[in-house]
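Novice: based on what follows, work out the 3D shape:
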Amino acid sequence: MTQMTTSRAAEVAGYLKQWMFDPNHPHHPLRAKPNFDGPADRNTNMKNSHERKFLQWEKQTFGINLGWTDNATPATAVKVSRWFFTRPANDSSPIRYGQSIALGYGISPSYIYYTDRTFGINLDWSKTPRFDWKLLGGKIGQEVRSGDWLALYNQTARDCLISFDRTAGGDIGWPSSKTWGGQIEDAVMQAIKDHWQEAVTYLLTL
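Specialist: Residues are numbered from 1 along each chain as shown. Okay, the predicted model is just below:
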């Protein structure tokens, strides 16, 4: 990448860093566990910078059952602290940027993974861990800490999960989606749409 392209990629990468885990208890390492029944102190919530709310299980008419909380109060943060991470071989060491992880929520089936759907984002639930996700935004190999903004990268989609207005299903999506609609009237969203591939490459090589 040229200097100009690298600068633009870094800027758009900043927009992709929409997620923060456990913002009310910052600076502790995020740790994995074999399943939701593991140590409760490893559960976390998942806040989005664009929505300023938490992602949670929520019944949808179409698409995967995920949606946003009504608010981001401390009580709500506790209520939706049901996200957790699983590592291959049940590794419980602190999660590091760039490592493959499974992302789960405290329901059954627990784990979200990429798959084609007719409506909504291409995600579904799995009973078994799908080590298809990476946390990006810091130096690869560095410990991920709560309270840091980061990107949530799916290795099958080769794309990052973002807030995304939809007419059907929960309001999450991918920058590569063809259904941007009126969102591209937003300059930030237009930048993400145009430069997300360079931004993802940038994040993967930090």
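Novice: switch to C-alpha atoms for all contacts and neighbour counts from now on
Specialist: Noted.
Novice: all strands for this protein, in order.
Specialist: Using DSSP state E, the strands found in the chain span residues 19-21, 46-48, 53-57, 66-68, 83-86, 102-105, 111-114, 123-126, 133-136, 151-154, 159-160, 162-163, 172-173.
Novice: show the average pLDDT along the fifth one.
Specialist: It stands for strand 83-86. Averaging pLDDT along strand 83-86 gives 97.
Novice: touching it from outside, list them.
Specialist: The contact list for strand 83-86, computed with C-alpha atoms under 8 Å, 6 or more residues apart in numbering, reads 31-36, 42-46, 92, 101-106, 129, 131.
Novice: repeat that with 6 Å
Specialist: The contact list for strand 83-86, computed with C-alpha atoms under 6 Å, 6 or more residues apart in numbering, reads 32-34, 43-45, 101-105.
Novice: go on, the last one?
Specialist: When contacts are taken as C-alpha under 6 Å, 6+ apart, the neighbours of strand 172-173 outside the stretch itself are 121, 161-164.
Novice: mind running it again at 10 Å?
Specialist: The contact list for strand 172-173 (C-alpha atoms under 10 Å, 6 or more residues apart in numbering) reads 55, 64, 66-68, 120-123, 159-166, 179-180.
Novice: please name every helix or strand in contact with the lengthiest helix in the chain.
Specialist: Looking across the chain with DSSP state H, the single longest helix is helix 187-204. In terms of contacts (3 or more C-alpha pairs under 10 Å, 6 or more residues apart in numbering; DSSP states H and E), helix 187-204 is packed against helix 3-16, strand 133-136, strand 151-154, strand 159-160.
Novice: now it: average pLDDT?
Specialist: The average pLDDT within helix 187-204 is 89.
Novice: adding pLDDT and distance to residue 189, write the contacts of strand 83-86 out as JSON lines.
Specialist: Shown next, in JSON lines, are the contacts of strand 83-86 (pLDDT from 0 to 100; distance: C-alpha to C-alpha, whole Å):
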{"residue": "32", "pLDDT": "96", "distance to residue 189": "32"}
{"residue": "33", "pLDDT": "95", "distance to residue 189": "35"}
{"residue": "34", "pLDDT": "94", "distance to residue 189": "36"}
{"residue": "43", "pLDDT": "97", "distance to residue 189": "31"}
{"residue": "44", "pLDDT": "98", "distance to residue 189": "28"}
{"residue": "45", "pLDDT": "98", "distance to residue 189": "25"}
{"residue": "101", "pLDDT": "97", "distance to residue 189": "27"}
{"residue": "102", "pLDDT": "98", "distance to residue 189": "27"}
{"residue": "103", "pLDDT": "98", "distance to residue 189": "25"}
{"residue": "104", "pLDDT": "98", "distance to residue 189": "27"}
{"residue": "105", "pLDDT": "98", "distance to residue 189": "28"}
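Novice: kindly export the lowest-mean-pLDDT helix or strand in the chain (C-alpha atoms) in CSV.
Specialist: In the chain, the helix or strand scored least confidently by mean pLDDT, DSSP states H and E is helix 3-16, which has a mean of 83. C-alpha atoms of helix 3-16 as CSV (Å, rounded to 0.1, in the frame of the first residue of the first chain):
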residue,chain,number,x,y,z
GLN,A,3,1.5,6.0,2.1
MET,A,4,-1.8,7.6,1.1
THR,A,5,-3.6,4.2,0.9
THR,A,6,-2.1,3.1,4.2
SER,A,7,-3.3,6.3,5.9
ARG,A,8,-6.8,5.9,4.4
ALA,A,9,-6.8,2.2,5.5
ALA,A,10,-5.9,3.1,9.0
GLU,A,11,-8.6,5.7,9.1
VAL,A,12,-11.3,3.3,8.0
ALA,A,13,-9.9,0.6,10.3
GLY,A,14,-10.7,3.0,13.1
TYR,A,15,-14.4,3.0,11.9
LEU,A,16,-14.4,-0.8,12.0
